[in-house]
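In: Sequence first, predicted model second:
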Amino acid sequence: MEGGSAAGHMTLDVARVKKDFPILDRDVAGNRLVYLDSAASSQKPRAVLDAMEHYYVTTHANVHRGVYTIAEEATQAYEGARSTVARFIGAPSPRGVVFTKNATEALNLVAHSYGRSVLPAGQAVLLSVTEHHANLVPWLMLREERGTELRFLDIDGAGRLILDDLERKLDGVGLVSLAAMSNVLGTLNPIAEIAAAAHAAGAVVAVDAAQSVPHAVTDVAALGCDFLAFSAHKMCGPTGIGVLWGREDLLEAMPAFLGGGEMIRDVRLDGWTPNEIPWKFEAGTPPIAEAIGLAAAVDYLADLGMEAVREHEVSLTTYALTTLGERHGDDLRVFGPPDPDDRGGVLSFTYRDIHPHDLSQVLDNAGVCIRAGHHCARPLMRRLGVPATSRASFYVYNDEADVDALSEGLAAATDLFSF
Ligand SMILES: Cc1ncc(COP(=O)(O)O)c(C=O)c1O
């Protein structure tokens, strides 16, 4: 899947990668599909689709209960997926890997269980103004319910977190919850540095890694975090499954989130005893096929090499920033850090005074899919002083021709709206 480059690094063979994604064979109104919305949800390679189909065709049964062959095979596959995920994020053991519905549910689990029961009353929670609603609303709910103080890191003009007064901001904070990468600005936040400062101040650190795990090497030990949340569907896997990794001692100290089957060891009419972690947090029949699809996605990405994935996105983002800037000049306002090394492959922009929704529709006529709106980060939109932005986001199957198609689409929008 990889080839050499002049610099001696392994690089992605994007032409080959594209062939792994059947959806890219379709056209939209006579144009090839140019998918530039992977930050919202990525496309799925054949390997993931096949793994899920194979499971349903050969193995499906409920997990953890049956003592017959296919039930045991299903359980092995489901628990095997947990081990695969643990290895991918550098987790010391699969016991810390909880399968959830998505990153949103994973963050709600932290806010609901840790936030309500373990976080000492009177301690504050530190967030940033750039957070996705998934890492904001659960904390706003906690504030409403318990009066928990919320503090926010602000950003500078380039969309980087302002950390000058971090020590002061951390005073009295019991939990820090931040995105590793902004889904709007693309900014890569210095999580390891912030986590070290947070720990020194006695706070635990939750990381919303929905935009980082799909795009770069993840190692929870190197990040120094205590919780890590992400979704399968943004990393070539299926919808319907996400992950909360947590430090085992913290997960053990936390009360169950949802109640029902699977998450109990015993139930009596006068009470119940929770299961061990991670099952304590997995009430009801879990997303079995989805876990198998997620494991296949992890294998697929690991095979490409996460260093190569990151390198490809830096190179494509560099190309996009340069060529779009040269061609469209001041008509284009790009948000976020100017240096591609400081950002992921997410490009939020405004173009002339064309509304992002209109722009998205014009681009759709050319088969180019981009996102328009507030990107579930309304406080950040207010902070940036815009109602909405357009957002193009890149992944392993995008190449320079896709960026060129975006550029052509912008030029076409200029023609259409110049009257
Ligand atoms: C930074 C960030 N956090 C959380 C989420 C929520 O992910 P999901 O909708 O899969 O729960 C997203 C999704 O766009 C995101 O970009």
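Out: Structure's in. What do you need?

In: Show me the shaky parts of the stretch 301-419 of the chain.
Out: With pLDDT under 70 as the threshold, the stretch 301-419 of the chain has low-confidence stretches at 419.

In: If we use 80, what do you get?
Out: Counting by pLDDT under 80, the stretch 301-419 of the chain contains low-confidence residues at 418-419.

In: And the helices in it?
Out: Ranges of helices within the stretch 301-419 of the chain are 306-328, 356-365, 378-384, 400-417, based on DSSP state H, counting those that start in this stretch.

In: And the second one, what does it pack against?
Out: Translated: helix 356-365. strand 371-373, strand 389-393, helix 400-417 (3 or more C-beta pairs under 8 Å, 6 or more residues apart in numbering; DSSP states H and E). Where you see a C-beta, it was placed from the backbone N, CA and C, and this is true even at glycine.

In: switch the cut-off to 10 Å
Out: Packed against helix 356-365, as judged by 3 or more C-beta pairs under 10 Å, 6 or more residues apart in numbering; DSSP states H and E, are the following elements: strand 346-351, strand 368-369, strand 371-373, strand 389-393, helix 400-417.

In: Columns distance to Ala256 on top of these, output as TSV?
Out: Converted to TSV, those look like this (distance: least, C-beta to C-beta, whole Å):
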stretch	distance to Ala256
strand 346-351	35
strand 368-369	40
strand 371-373	35
strand 389-393	35
helix 400-417	45
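
In: tell me the most buried of the ones you listed?
Out: Between the helices and strands packed on helix 356-365, strand 389-393 has the highest mean count of neighbours, a mean of 27, where neighbours are mean count of other C-beta atoms under 10 Å.

In: Enumerate the residues of this structure near the ligand.
Out: Selection of the chain residues close to the ligand by C-beta under 6 Å from any ligand atom yields 40, 102-104, 132, 134-135, 179, 183, 208, 210-211, 231, 242, 376.

In: Which ones among these map onto strands?
Out: Using DSSP state E, Ala179, Asp208, Ser231, Gly242 are the members of the residues of the chain next to the ligand that sit in strands.

In: Closest one of these to the ligand?
Out: Relative to the ligand, the closest of these is Ser231; by C-beta to the nearest ligand atom it sits at 3.3 Å.

In: Tell me which residues touch Ser393, please.
Out: Contacts for Ser393 were tallied using C-beta atoms under 10 Å, 6 or more residues apart in numbering; they are 35-40, 42, 183, 186, 211, 215, 234, 313, 317, 344-348, 369-371, 375.

In: That one - nearest residue in space that isn't next to it in sequence?
Out: On the basis of C-beta to C-beta, 6 or more residues apart in numbering, the spatially nearest residue to Ser393 that is not a chain neighbour turns out to be Ala39, at 3.5 Å.

In: and the residue of the stretch 301-419 of the chain found nearest the ligand, what are its phi and psi?
Out: Each residue of the stretch 301-419 of the chain has a distance to the ligand, by C-beta to the nearest ligand atom, and the smallest belongs to Cys376, at 6.0 Å. Here the main-chain torsion angles of Cys376 (degrees, to the nearest 10) amount to phi 50, psi 40.

In: Could you do Phe99 as well?
Out: phi -80, psi 130.

In: Now do the same for it: its pLDDT.
Out: At Phe99, the model reports a pLDDT of 98.

In: Quick check: it touching Ala81?
Out: Yes. Taking C-beta atoms under 10 Å as the definition, Phe99 is a contact partner of Ala81 at 8.1 Å.

In: Just the buried residues from the contacts of Ser393, in PyMOL please.
Out: Applying 16 or more other C-beta atoms under 10 Å to those, the buried members can be selected in PyMOL as follows:
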select buried, resi 35+36+37+38+39+40+42+183+186+211+215+234+313+317+344+345+346+347+348+369+370+371+375
